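**Student:** structure for the following, please:
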Amino acid sequence: MRTARLHPGLRRVAAVPADVPAALAPMPWWCAPAGITLGFLIPTICLIALASEMQMSTLTIRGVRFLDLDAILLGILMLTPIALGGWVGAQVDLARGRREIDAWAWDRTALVIGSIACLAYAVLFKSLLFNPVALIHLLTGVSQPNRAELGASAGVSSLVNMAQVFFAIAAFRLVDRDGPPLPRAVRVMLLVLTLLTLLRVYAQSERLALMEILVPFGLALGKWMSSRRSGAWKLAAALGPFGALPLVILYFGAAEYFRSWGSDTYRGKTSFWEFAIGRFVSYYVTSLNNGAGVVATTPDPTWKFEHVMEWAHRAPFGLGPEFSEYVGYNAEAKSSFVWFLRTYVDPEFNSNSGIYVPVADLGVPMALAYMLLIGVGAGLAFRAYRAQRLGGVLFFPLFFITFLEIFRYPFLGQPRATTWALGILLALALVRQLQRHRERQTAGARISNLKKKNHTHPTTAAGAGASQPSARRV
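**Tutor:** Model (predicted):
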């Protein structure tokens, strides 16, 4: 007689008792929040400050110069709590035990989140994806539509940022040697979302979109390299972001090539690498200078959360204007960032630097506490990532891109980070729901099998006693 089948995902889940500590996978120094802050971010801000003093024809700093020694020291002070909080958070294990990667639930959740991102991309690029002529004109350089011409809805198209959740799961699963291979459906969606992201990078000149999908794969690669014995892989793991810096400058320079190389300022006057390095340094010097200038021209905290909670000011369904009115924020008023750009620097270069602007919003003491909180959250996510927990796999790339972008602007305060976080919460809820559904199916299958077995072989104690011959009375 056939028995009820157990759920196919049951084979990949093996719960471990709660008192067993989670095994932590080794990872390179630059993956740790404390490591990348002390070993990369603080040295880099010093290098940027030194580079700003170099005599380079391609180095451009417009407006009033605010980035001096005091500003650099303030920047180092603001980064220090991230390192401290990151180290503390990485020592804390909030989970009660560990659980193996639930590949069945993770993969299905990735497909759901990826489908949402694909639909959002279809809305964002509907004028291109459903018009082959317009797409060919874009790819061949005949036309370059702007955001208004694309006709995207801000509320719907912002859901493309949920793609980062899909990439986080897919990247981690790709390097999971102990689990089953990545399903074909997930691989196909990985290819589709990668192509759509590249279209977004090209059509909207949005370099950050590519960085956001590379970060999960970079972290997964770092985890994989830490387990290799080859000297080449060990060297790559040790160099980390310093080894990747030439590629980042090349990517930045290639993107700027089509925008600025043909201008009279650069054409025929400099080599490509001098142009790329100069533009790269100018970009980050300008961002830091803007942030330092905001602090210098804002003697008291505004408490309008213009920078650290920009997502709240731009919230959909009328919530953004309501929040702005509640805190008394006006984008055109004096002391706003737009006012600062028009008054002191150049509105074209509008990066505000995530190192400094928390001071303008919150004041120095609360800004340091804000940075400490980011560090603690990143440390907790880092430990969970090493323990192969889904929360860490999803949240840590969000914190890591925050560190990489902190010279340019406060990433966690951006609307795209909020959509990313909402996608993470949705993914966690979906995985939990799938696991509960499987547990119910498994319990039902076991009960059904037990009933069928008892019905086929009735061997109760009472029945066994009644079948024996009675003893003869003497």
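**Student:** and stretch 309-319, which residues are buried?
**Tutor:** If you call a residue buried by 16 or more other Cβ atoms under 10 Å, then stretch 309-319 has these buried ones: 309-315. Bear in mind the C-beta positions are built from the backbone N, C-alpha and C, glycine included.
**Student:** looking at those, which are in helices?
**Tutor:** Among the buried residues of stretch 309-319, the members falling in helices are 310-313 (criterion: DSSP state H).
**Student:** pick out whichever of those sits closest to S448.
**Tutor:** Proximity of those to S448 (Cβ to Cβ) peaks at W311, which lies at 49.2 Å.
**Student:** between the buried residues of stretch 309-319, which is nearest A331?
**Tutor:** Ranked by distance to A331 (Cβ to Cβ), those are led by H313 at 8.2 Å.
**Student:** check contacts around that closest one.
**Tutor:** 305-306, 320, 323-324, 329 (Cβ atoms under 8 Å, 6 or more residues apart in numbering).
**Student:** nearest residue to Y344 in space, please, no chain neighbours.
**Tutor:** Closest residue to Y344 apart from its sequence neighbours, by Cβ to Cβ, 6 or more residues apart in numbering: V64 at 4.7 Å.
**Student:** wait, G253
**Tutor:** Nearest non-adjacent residue to G253 (Cβ to Cβ, 6+ apart): A276, at 2.5 Å.
**Student:** close enough to count as contact, the one you found and F252?
**Tutor:** Yes - the pair A276 / F252 is scored as a contact, 6.5 Å apart, by Cβ atoms under 8 Å.
**Student:** so if I had to pick from these two, which one is more boxed in?
**Tutor:** Neighbour count, other Cβ atoms under 10 Å: between A276 and F252, A276 has more, with 23 against 17.
**Student:** so the residue nearest to R207 when sequence neighbours are not counted, which state does it fall into?
**Tutor:** When the adjacent residues along the chain are set aside, R207 lies closest to A255, with 5.5 Å between them (Cβ to Cβ, 6+ apart). Secondary structure state of A255, per DSSP: H, G, I helix; E, B strand; the rest coil, is helix.
**Student:** report the distance from the longest helix seen in the chain to the chain centre.
**Tutor:** Longest among the helix segments of the chain by residue count, using DSSP H, is helix 415-456. Here the centre of helix 415-456 is set off from its chain's centre by 26 Å, with Cα atoms, centre = their mean, to the nearest Å.
**Student:** stretch 221-239 too?
**Tutor:** Using Cα atoms, centre = their mean, the offset of stretch 221-239 from its chain centre is 22 Å.
**Student:** can you tell me the distance between the two ends of it?
**Tutor:** One end of stretch 221-239 sits 13 Å from the other (Cα to Cα, to the nearest Å).
**Student:** in it, what counts as buried?
**Tutor:** Buried residues in stretch 221-239 (16+ other Cβ under 10 Å): 221-226, 236-237.
**Student:** hmm, back to that, where's the residue nearest to Y344, which helix or strand?
**Tutor:** Under the criterion DSSP states H and E, no helix or strand holds V64.
**Student:** contacting residues for it?
**Tutor:** 293, 344-345.
**Student:** now the phi/psi pair for the most centrally placed residue in the chain, please.
**Tutor:** With distances taken as Cα atoms, centre = their mean, L398 lies nearest the centre of the chain, 2.8 Å away. The phi and psi values for L398, taken as degrees, to the nearest 10, are phi -60, psi -40.
**Student:** now do the same contact list for it.
**Tutor:** 164, 381, 412, 417, 420-421, 424.
**Student:** try 10 Å this time
**Tutor:** 164-165, 168, 212, 215-216, 377-378, 381, 411-412, 417, 420-421, 423-424 (Cβ atoms under 10 Å, 6 or more residues apart in numbering).
**Student:** just the buried residues of the residues you listed.
**Tutor:** 164-165, 168, 212, 215-216, 377-378, 381, 411-412, 417, 420-421, 423-424.
**Student:** which one (most neighbours) among the contacts of V64?
**Tutor:** G293 (26 neighbours).
**Student:** is it correct that that residue is in contact with L341?
**Tutor:** Yes - using Cβ atoms under 10 Å, G293 is in contact with L341, at 9.2 Å.
**Student:** before we move on, the earlier item: quick check, nearest of the contacts of L398 to V133?
**Tutor:** Nearest member of the contacts of L398 to V133, counting by Cβ to Cβ, is E212, at 29.9 Å.
**Student:** circling back: which one of the contacts of H313 has the most neighbours?
**Tutor:** Neighbour-wise, those (other Cβ under 10 Å) top out at E306, 26 neighbours.
**Student:** in a strand, that one, correct?
**Tutor:** No - read with three-state DSSP, E306 is coil and lies in no strand.
**Student:** doesn't Y409 make contact with it?
**Tutor:** No - using Cβ under 10 Å as the test, E306 is too far from Y409 to be in contact (11.6 Å).
**Student:** shared neighbours of those two, anything?
**Tutor:** Joint contacts of E306 and Y409 (Cβ under 10 Å, 6+ apart) are 352, 357.
**Student:** sounds good, over and out.
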